[in-house]
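Q: The following comprises the amino acid sequence and a computationally predicted model.
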Amino acid sequence: MRDVDELMIHRKAKALEGTYEAHASWGRVVVRLEAVPNYAGGKGCPEEILCLRIELPAFGTLVELSAPIHIEWEKAGSSAAKLDVEKFCHRSLSREQKSYLKIPVIVVGGSSFKKLRPTTKGLLAQFNTTQVPRRIVE
């Protein structure tokens, strides 16, 4: 990918960045989008990550979920992006690269409130891929 293409994708992702709130009778839901350029040093797999973070109150605690939205630039299209998804997964499992995936776990039980130290586990994930033409992004 050329630097100009990487910058174009990053500018489009930055335009989505921000914090958005919704209010319900049971509490406030906060959605945050953060554009993370991932192409530095030629190791971009994917080229950009749009990190989705959601916070909401549930069961007496603040639930926080984080998920990466991968943005690939592939001149050849979606078939070429499959290899980059494999690279991202491998680098995430080896901890060479941050995964941005954080899954909340709520345990109902015991007699006291405890915030436990996060644990890291490998898991199987589904990647739902959509190919869009470049003209949509330009």
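A: Looks like it came in fine. Numbering: from 1, shown residues only.

Q: ok, the closest residue to residue 71 other than its chain neighbours - contacts?
A: Using C-beta to C-beta, 6 or more residues apart in numbering and skipping residues adjacent in sequence, the residue nearest residue 71 is residue 48, 4.0 Å away. No exception for glycine: its C-beta is placed from N, CA and C like everyone else's. Residue 48 makes contact with 6, 9-10, 13, 35-39, 70-71, according to C-beta atoms under 8 Å, 6 or more residues apart in numbering.

Q: Please report how far residue 48 lies from residue 78.
A: Separation of residue 48 from residue 78 (C-beta to C-beta, to the nearest Å): 16 Å.

Q: tell me which helix or strand of this protein sits lowest on mean pLDDT?
A: Ranked by mean pLDDT, DSSP states H and E, the helix or strand of the chain with the weakest confidence is helix 134-137, at a mean of 78.

Q: List the contacts of it.
A: 8-9, 12.

Q: mind running it again at 6 Å?
A: With C-beta atoms under 6 Å, 6 or more residues apart in numbering as the test, helix 134-137 has contacts from residue 12.

Q: Give me the distance from it to the chain's centre.
A: Remark: helix 134-137 is offset 21 Å from the chain centroid, using C-alpha atoms, centre = their mean, to the nearest Å.

Q: what comes up buried for it?
A: When neighbours are counted by 16 or more other C-beta atoms under 10 Å, no buried residue of helix 134-137 is found.

Q: tell me the helices in the chain, going along the chain?
A: All helices of the chain, identified by DSSP state H, fall at 3-16, 78-93, 134-137.

Q: one step back: with only the CA atoms kept, save the least confident helix or strand of the chain in CSV.
A: Extracted in CSV, the C-alpha atoms of helix 134-137 (Å, rounded to 0.1, in the frame of the first residue of the first chain):
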residue,chain,number,x,y,z
ARG,A,134,-12.3,2.4,-3.2
ARG,A,135,-14.6,5.1,-4.6
ILE,A,136,-16.7,4.7,-1.4
VAL,A,137,-13.7,5.8,0.7
